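Undergrad: generate a structure from the sequence data that follows.
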Amino acid sequence: MNATAIVAEDEATLRQQLVEQLGQLWPELSIVAEAADGVAALRLLAEHRPDIIFLDIQMPGATGLEVARQVNGRSRVVFVTAYDEHAVAAFEQGAVDYVLKPISAARLFTTVTRLKERLGSPPPRLDAVLPAIAPSATRSYLRWINASVGQNLRLITVEEIAYFQADNKYTRVVTADSEALIRKPLKELVDELDPNQFWQIHRSTMVNVASIAGVTRDFRGRMLVKLKGRSETLQVSDSYTHLFRQM
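TA: Now for the predicted structure:
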């Protein structure tokens, strides 16, 4: 009997990418439903009772951890997360598996292999692993900012922002088609923005993961980030290149 799965990820492009890669790596796996938020995931879980659920840790409605608490012992859980050393250390305990953002086919293949090996045994309970992951998944993060555009004040949601860049006493806020300035220093934004959504790639730059089109290297071997909808590239400091090791 073929295994069944639900994919719960609020970012549509990432959700589609995950479903497509699972179809290539594990064609026998039946994706019975997809969810864009935690509440829908809980409803679909009760309806389909899948063997596996792929859960984004940060989702509206109910977080991946809140959903996992309801799943506990009924389905195998695979968390979808941005690179986080503490979370990954918890995942490596073996109770759950994980897929890193941006999604890597090589890492997903490892996850698929582990899942196939474990499907013959009952799903483990998650009581030990969830508290270890919880601190990085329950914070409330900045959702919008007020920025100066000429003589006007504009409200910009963080989803619109391609990247932040320190600029003297100000911080540049760059979207796909505009720029603005705020007085808040970048070091404060680092603590206020969701690290699953914004990666610091340089001491003066934070980039929205959803705005990354790819990475390349210049003639000196320095890593550069290419952006969706923008012509400029952003330099990655050596201390942050580990963020892209899965790409």
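
Undergrad: list the contacts of the residue of the chain positioned farthest from its centre.
TA: For the chain, the residue at maximal distance from the C-alpha centroid (C-alpha atoms, centre = their mean) is Q151, at 35.3 Å. Not one residue lies near Q151 by C-beta atoms under 8 Å, 6 or more residues apart in numbering. Placement of C-beta: from N, CA and C, glycine included.

Undergrad: kindly report the same for the one 10 residues further on.
TA: Contacts for I161 (C-beta under 8 Å, 6+ apart) come out as I145, V173, V174, T175, N208, S211.

Undergrad: retrieve the pLDDT associated with the residue farthest from the centre of the chain.
TA: We note a pLDDT of 77 for Q151 in this prediction.

Undergrad: how about stretch 57-65: buried residues?
TA: By neighbour count on 16 or more other C-beta atoms under 10 Å, the buried set for stretch 57-65 is I57, Q58, M59, A62, T63, G64, L65.

Undergrad: now the end-to-end length of that stretch.
TA: Stretch 57-65 has its terminal residues 6 Å apart, counting by C-alpha to C-alpha, to the nearest Å.

Undergrad: average model confidence for it?
TA: Here the average pLDDT along stretch 57-65 is 81.

Undergrad: show me where this protein has its helices.
TA: 12-25, 38-48, 64-71, 85-91, 105-118, 129-133, 186-192 (DSSP state H).

Undergrad: the nearest residue to E11 once chain neighbours are set aside: neighbour count?
TA: Of all residues not flanking E11 in the chain, A210 sits nearest, at 6.4 Å (C-beta to C-beta, 6 or more residues apart in numbering). Neighbours of A210 under the rule other C-beta atoms under 10 Å: 16.

Undergrad: so who does A210 touch?
TA: With C-beta under 8 Å, 6+ apart, A210 has these contacts: E11, T13, E159, Q197.

Undergrad: quick check, nearest of the contacts of I161 to L130?
TA: N208 (27.9 Å; C-beta to C-beta).

Undergrad: surely W144 touches T157?
TA: Yes: counting by C-beta atoms under 8 Å, T157 is a contact partner of W144 at 4.7 Å.

Undergrad: circling back: what's the closest of the contacts of A210 to R125?
TA: Relative to R125, the closest of the contacts of A210 is E11; by C-beta to C-beta it sits at 28.7 Å.

Undergrad: quick one: pLDDT of that closest one?
TA: So E11 comes in at 82 (pLDDT).

Undergrad: equivalent analysis for N208, please.
TA: Confidence score, pLDDT, at N208: 96.

Undergrad: ditto for S136
TA: Confidence score, pLDDT, at S136: 54.

Undergrad: among the contacts of I161, which one has the most neighbours?
TA: Neighbour tally across those (other C-beta under 10 Å): the maximum, 26 neighbours, falls on V173.
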